[in-house]
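>>> I would like to see how this sequence folds:
(2 chains)
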Amino acid sequence: MNSKLNSDQGHQKDALLNCVLDKAVRSGAQHAAAFFETSRSSTLRFARNQATQHKFHEDGTVCLAVAVESREAIAETNRTDTGGLEALAERTVELAKSSPPNPEFFEPVGPQIYRETTSWFQSTADLTLERRARAIGAMCAYAEDHDVDLFGNLETEIGELAVANTSGLYVTQPFTRVKLSLTARTRQGNGSAQFHISEADWSALDTEKALEKTVLTALMGRNAAPLDPGRYEVILSPKAVSEYLMFLFWAMDARMADSGQSFFAAPDGGSRIGEKIFLDSVTLSSQSDHPRLPGLKFGQAFGSGGSSAGMVFSMGLPLQTTEWVRDGVVKNFRYSPYYAVKNGRAPVAYPHNLVMEGGEATREDLIRDVQRGVMIESFWYVNPTDWNRIALTGLTRDGTFLIENGRIAGPVNSFRFNDSPVNSLNRITGLSRPEKIHGEYLASLMPWVRLSDFNLSAVSSAV
Amino acid sequence: MPEHIDGFMAQALNHAADLGIGFTEVRFGEYRRQFLMARDRVLAVSIDETSAGFSVRVFHNGYWGFAAGRLTNGTDMRYLVEKAKAVAEAGVHVAPANLSLTSLDAYTEQWRSPVKRDPFDVPLAEKTDLLFSINDAMKDVQGVQETRSHMRFDRIHKRYMNSIGSDLDQVIVRTDADYTASAVGNGRFESRDYQSIQQASGYECIDGDAMVAAAGRVAREAVEQLTAAPWDGDTADLILLPNHTRLVIHETIGHATELDRVLGWEADYAGTSFATPEKRGNYRYGSPLFNVTADRTRPGGLASWAYDDEGVPAQSWKLIRDGILVDYATTRDTAPLIGESRSHGCAYADSWRSFPILRMANVGIDPGPDGSPGLEELIAGTENGILVDGMAAFSIDHQRLNFQFSGDYCRRIRNGRIEEPLWNVVYEGSNPSFWSAMDAVCNASEWKPYGVYGCAKGQPVQIAALTHGSAPLRLRNVQIKRSE
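Below is the predicted model:
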């Protein structure tokens, strides 16, 4: 198996891609793009301080998009021998020939210039099954010593992504990823806390700090007092802010705004780009060169409009820095590659991070100025109730605390909330320095955010 | 299916036996999926995926070990066995094991989803013609901004052998087609879905004529919501239609009764459950009319098959009887933890390279007994309420207690008659008071099964498809959220 996977890497990956592109062209495609992703992944999952699942897998997948004139199709396989690649090319071209012409056709992007990023770390690649298990074992032992149950998951991945197309683009980058997710729960079931961290470099993962914080917060959360629902001044953790703002980010799609199907649609047609919608203190961006949020050097454009084949044809675009909101003014939207070109713009790769500018305060500074409010560590199951206003509902989870007279008074019950980031970004009363968090969808730098009048609409007795 | 599969799998079992492994499973899976989406006569998505590989799972000295890979020879199979054993042995560094497995008989069988017309044999042109016809029919309605129609097909071929002697060969085929109309006007945008019935069967379950015929209605219902007014009270009697109730069943019952979640194994992801084991047999989950069945035997159910991914035969069993919690979804390693000697057969892996985890079955609310009303009669007997149709908002807390849901097309019921559409009806409830407010459920002739694709569970996340059936039912005095 080792030899087989290795044979997919190194010098043979470009040969593999050339093989499938060549066959696609010989079968009748005028345009083609292919990417090849290999993955070796291990996961150790644990609950109540014991291992429940432990797995390993290896795989390699080729995805091919072709266009015959403007008729497109995508097919994918993990059969990467010559026969499998030829069959893939033939099947994809046959599907394309059977497809109707695409009036929103977009050609594969040509060669690009990249800013190199470091995405491979030997410390992660060298992490053995035993070392991984010992690390989790030590964490579970710490939890036992504190009379707490630990639940979670440690996942590592080593892989490589290579892209080539008939416009001459070829780019490849190896990567390592390690994700640690921890939940600590008191044995009595009356306190819970959660912490997620993700790095490319195992040696940079501060597991001790993550564990201590998680166990301490769970113990702090014991015996939550009842607190009535209502509108409160709240302090949202960076994790909660990230979860909350993702819906705002998803709504920032150019074609949806232009077609009236978004909060960012202008009442009289067109979009609200250039409009000041939020407070001056709100600046959101994605930064391809942020030293604390490294990622792959390339990606693909993603947005409404165009086709999925068009998005594969955009694979290989370099990551860019983009300002979404500057000083409360909407500056940019996401574009599919087709819609970008239609609007005279160069297509831009979907970002790998989201950064919110903060202030100079610490979390304690923000707490100190609160007479009566609620501090929220995490949100859960956030979903829209009305996209017209980006109205959301969700729960607080794993740490909800009452603040009184500038101090944390104690844990309170969880809440359901009903509010909108549009409202919230107009009610900010304080921002801390941003902290790095592992967002579920994007790596993020988010501050602690204090805001007024947040609607904690109902009590949830969930712990 | 590639050649030599059986030989490789037998080789793996033999090697595992030579290594002294207590229990071994070998799987081969071949997965094919096709996704098509047409947006306003643009074939925006056309993807055909295939993926195949082997996995070995061992239960060795009380620990699970799993290894999966693409393989073409026996050497690689031996590698997978040794890797799975090494993975299991590494578990000793975490904590002493306390897992045990229920007993299991050996089975040999071939099983196929009932299919008359293989969806992968249907020409692409036939599919796109239907998708475009649906787009056209919706676009004819004034006020419609965008139309989307889609199809999805799955074929899953699984071979399974274990060291007990089972040899199973199953093919699951799933077919789904649906569409959405989006309307813009009056300063708002709204959408409405067709609400098809997804099935584990072939292309024959797509009634293209019916879909095209309904497209105009779906489009008009999207437009109607642009000028609809909100509900004007704090509470309402709700009649939930089966195409809406599927998601409520899924979230408030299906997930809550997964035993691994109850025991805390999902705590780091989707949380736990309020339906803890001491409640079994005595906890009032709903009204006496509330009966819930978990089932994997019903033909066409998205989670129906002959054997689960541990080789346990498919079953049908009660989760809730007369409103009382009576059982759970279980697997071979969770059932013993509540003193059960047999598994309910709920192990499922969404890919050849995924570790099988506990997934709910097709969970449905039983129809009412003989003499129960039909839908017309139920509506006629409701003075002031809301008819909830389709799916929109959904959110539930991390112990499956507090939740909010909405339909994508709700209408007022006044004095027993359906009247005007309502805008943005979001209702809130809690287990068990919500299901205890159920005072009527329609008869068996009104029972319909709808699918839920995209159920996410596990770490790393796995996706499952389930069918949830119900008849229209009424709940009294449910809280309605006022729009902010």
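
>>> could you use CA atoms for every contact and neighbour count after this?
Noted.

>>> low-confidence ranges, chain A, go.
Scanning chain A for pLDDT under 70 picks out the ranges A:1-11.

>>> now it against chain B: closest residue?
The nearest approach of chain A to chain B comes at A:Gly137, 3.7 Å away (CA to the nearest CA).

>>> for stretch B:18-31, which positions count as buried?
B:Ile21, B:Phe23, B:Thr24, B:Glu25, B:Val26, B:Arg27, B:Phe28, B:Gly29, B:Glu30, B:Tyr31 (16 or more other CA atoms under 10 Å in any protein chain shown).

>>> do that stretch and chain A meet at all?
No. Remark: stretch B:18-31 sits outside contact range of chain A, by CA under 8 Å from any CA of the partner chain, the gap being at least 9.8 Å.

>>> from A:Glu144, how far off is the residue of chain A closest to chain B?
Distance, A:Gly137 to A:Glu144, using CA to CA, to the nearest Å: 10 Å.

>>> more neighbours, the two?
Taking A:Gly137 and A:Glu144 together and counting by other CA atoms under 10 Å in any protein chain shown, A:Gly137 has the greater number of neighbours (21 against 15).

>>> assumed the more buried one was part of a helix.
Yes. Counting by DSSP: H, G, I helix; E, B strand; the rest coil, A:Gly137 falls inside a helix.

>>> that one touches A:Leu154, doesn't it?
No. Look at A:Gly137 against A:Leu154 with CA atoms under 8 Å: they stay out of range, at 11.5 Å.

>>> before we move on, the earlier item: run a quick neighbour tally on the spatially closest residue to the residue of chain A closest to chain B that is not a sequence neighbour.
Take A:Gly137 and drop its neighbours on the chain: the residue closest to it by CA to CA, 6 or more residues apart in numbering or on different chains is B:Val94, 3.7 Å away. The tally of other residues near B:Val94 (other CA under 10 Å) stands at 23.

>>> for B:Val94, give me its contacts.
A:Asn49, A:Gln50, A:Ala51, A:Ala133, A:Arg134, A:Ile136, A:Gly137, A:Ala138, A:Cys140 (CA atoms under 8 Å, 6 or more residues apart in numbering or on different chains).

>>> circling back: okay if I get the buried residues of stretch B:18-31 as CSV plus pLDDT and secondary structure?
Shown next, in CSV, are the buried residues of stretch B:18-31 (pLDDT from 0 to 100; DSSP: H, G, I helix; E, B strand; the rest coil):
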residue, pLDDT, secondary structure
B:Ile21, 96, coil
B:Phe23, 96, strand
B:Thr24, 98, strand
B:Glu25, 98, strand
B:Val26, 97, strand
B:Arg27, 97, strand
B:Phe28, 96, strand
B:Gly29, 96, strand
B:Glu30, 96, strand
B:Tyr31, 97, strand
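
>>> between those residues, which is nearest B:Pro119?
Relative to B:Pro119, the closest of these is B:Tyr31; by CA to CA it sits at 14.0 Å.

>>> so that closest one sits against B:Ser351, correct?
Yes. B:Tyr31 is in contact with B:Ser351 according to CA under 8 Å; the separation is 7.5 Å.

>>> measure the residue nearest to B:His244 when sequence neighbours are not counted to B:Arg482 for me?
Among residues not flanking B:His244 along the chain, B:Gly390 sits closest, at 4.6 Å (CA to CA, 6+ apart). Distance, B:Gly390 to B:Arg482, by CA to CA: 20 Å.

>>> cool, B:Val292 as well?
Going from B:Val292 to B:Arg482 by CA to CA gives 31 Å.

>>> strands of the stretch 351-484 of chain B, start to end?
According to DSSP state E, counting those that start in this stretch, the stretch 351-484 of chain B carries its strands in the segments B:357-358, B:362-365, B:384-389, B:394-396, B:402-406, B:409-414, B:417-422, B:426-430, B:438-441, B:448-457, B:462-470, B:473-481.

>>> of all those, which lies closest to B:Ala267?
Of all the strands of the stretch 351-484 of chain B, strand B:448-457 comes closest under CA to CA, at 11.1 Å.

>>> is B:Leu325 bridged to anything, and to what?
On the basis of DSSP bridges, B:Leu325 is bridged to B:Ile320.

>>> an error on my part: the question was meant for A:Arg71.
A:Val68.

>>> counting neighbours, what do you get for it?
22.

>>> overlap of the contact sets of A:Gly137 and A:Glu144?
Counting by CA under 8 Å, 6+ apart, the common neighbours of A:Gly137 and A:Glu144 are A:Asn49.

>>> count of neighbours near the nearest residue to B:Gln225 once chain neighbours are set aside?
Distance criterion CA to CA, 6+ apart; nearest residue to B:Gln225, sequence neighbours excluded, is B:Trp423 at 6.0 Å. Using other CA under 10 Å as the criterion, B:Trp423 is surrounded by 21 other residues.

>>> list the contacts of B:Trp423.
B:Gln225, B:Leu226, B:Thr227, B:Ala228, B:Ala229, B:Pro230, B:Trp231, B:Tyr409, B:Cys410.

>>> check B:Thr276 too.
When contacts are counted by CA under 8 Å, 6+ apart, B:Thr276 touches B:Val262, B:Leu263.

>>> I'd guessed A:Asn165 sits against A:Asp22; true?
No. Shown here, A:Asn165 and A:Asp22 do not form a contact pair, counting by CA under 8 Å, at 9.9 Å.

>>> the two: who's more crowded?
Shown here are A:Asn165 and A:Asp22; by other CA under 10 Å, A:Asn165 has more neighbours (29 against 17).

>>> interface residues of the stretch 301-450 of chain B facing chain A?
B:353, B:355, B:392-402, B:406, B:424, B:426.

>>> re earlier: between the contacts of B:Val94, which is nearest B:Val56?
After measuring the contacts of B:Val94 against B:Val56 - CA to CA - the closest member comes out as A:Ala51, at 18.0 Å.

>>> run through the bridge partners of that closest one.
Beta-bridge pairing for A:Ala51 (DSSP bridges): A:Phe46.

>>> that one: how many residues sit nearby?
Counted with other CA under 10 Å, the neighbours of A:Ala51 add up to 31.

>>> what's near enough to touch it?
A:Ala51 neighbours (CA under 8 Å, 6+ apart): A:Leu44, A:Arg45, B:Tyr63, B:Gly91, B:Val94, B:Ala95, B:Ala97.

>>> where is pLDDT lowest across the residues of the stretch 301-450 of chain B next to chain A?
pLDDT across these is lowest for B:Asn424, at 92.

>>> please name the nearest non-neighbouring residue to it.
B:Pro230 (6.3 Å).
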